[in-house]
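Colleague: Next comes the sequence, and after it the predicted model I'd like to discuss.
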Amino acid sequence: MFSKAKLGLKTLALIGLTFLLSGCASGTLPSFDTVMTNIGNSIAPFWSMVTGGAYLFGFALFMRGMFMLKIYGEMRTMMSGQSNLKGALIYLFVGTVLIFSQTIYSSLLLTTFNATATSPLQYESGTAMSYNAYISLLRFVQLIGLISFIRGWILLTHASNPGQQNTFGKALTHIIGGLLAINIQGTIDVLKGTVGMT
């Protein structure tokens, strides 16, 4: 009970401090157009952070695959019937894909959409307010697509574990969905052409 009261006092103090600092802003509040432009421009560092995280995950998975190969080699020398190479190969493959993730999704985008380069900096800001909001939304969807693409490859490593059902389907869904979201403008154009919208 005492800890709940202490937590309530901390929350109340934080809210009070927020109210005290709320009048410290000088000038006018930024417009919606400025806010959306700033959000769209701040996506690029997150894109780099996610790509860097993919490199680290890829290196860790590659090293785990090498370690599993070592264990496989030791097990083969002792008992020949109960060793499995599938898990180690999947970890090596997914680790390699994550290390080269930027090249992989660029190649997949070139194959599926004939798009040579797609990055969050591809779309330029315009002058209309709705256009800047649209571009910021596209950049955010691209970031979510990149995260989904990388998560799909990581989920693929779980498919090598026995007893994991539907993991391969989930991984494939994340990879394809992430690829479609990375090139969201191309996906929108394909849907427009398929449905017949202008």
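Modeller: All right, it came through fine.

Colleague: contacts and neighbour counts: CA atoms only from here.
Modeller: Noted.

Colleague: Would you confirm that Ala60 contacts Gly95?
Modeller: Yes: Ala60 lies in contact with Gly95 (Cα atoms under 8 Å); the separation is 7.2 Å.

Colleague: So between those two, which is more surrounded?
Modeller: Gly95 (27 against 17; other Cα atoms under 10 Å).

Colleague: ok, that one - contacts?
Modeller: For Gly95, the contact set (Cα atoms under 8 Å, 6 or more residues apart in numbering) comprises 57-62.

Colleague: Among the residues you listed, which ones are in strands?
Modeller: Using DSSP state E, no member of these falls in strands.

Colleague: could I get those as CSV with pLDDT?
Modeller: As requested, the contacts of Gly95 are exported to CSV (pLDDT from 0 to 100):
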residue, pLDDT
Phe57, 92
Gly58, 93
Phe59, 95
Ala60, 93
Leu61, 92
Phe62, 93
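
Colleague: Which pair of those residues spans the longest distance?
Modeller: Phe57 and Phe62 (8.4 Å; Cα to Cα).

Colleague: More neighbours: those two, which one.
Modeller: For Phe57 versus Phe62, neighbours defined as other Cα under 10 Å are more numerous around Phe62 (24 against 19).

Colleague: if I read this right, the more buried one contacts Leu92, doesn't it?
Modeller: Yes: contact criterion Cα under 8 Å: Phe62 and Leu92 qualify, at 4.8 Å.

Colleague: Domain parsing of this protein, as residue ranges.
Modeller: 52-99, 116-198 (automatic domain parsing).

Colleague: could I get those domains as CSV with distance to Leu110?
Modeller: Output for the domains of the chain, formatted as CSV (distance: least, Cα to Cα, whole Å):
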stretch, distance to Leu110
domain 52-99, 16
domain 116-198, 6
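
Colleague: Go ahead and flag the most central residue of the protein.
Modeller: Centroid check for the chain by Cα atoms, centre = their mean gives Ile147 as the closest residue, at 0.7 Å.

Colleague: Verify the stated contact: it with Met49.
Modeller: No: contact criterion Cα under 8 Å: Ile147 and Met49 do not qualify, at 10.5 Å.

Colleague: Packing partners of the longest helix anywhere in the chain?
Modeller: Counting by DSSP state H, the longest helix found in the chain is helix 43-78. For helix 43-78, the elements it packs on are helix 86-99, helix 101-113, helix 129-158, judged by 3 or more Cα pairs under 8 Å, 6 or more residues apart in numbering; DSSP states H and E.

Colleague: Looking at those, which is nearest to Leu29?
Modeller: Leu29 lies closest to helix 129-158 among the helices and strands packed on helix 43-78, at 15.9 Å (Cα to Cα).
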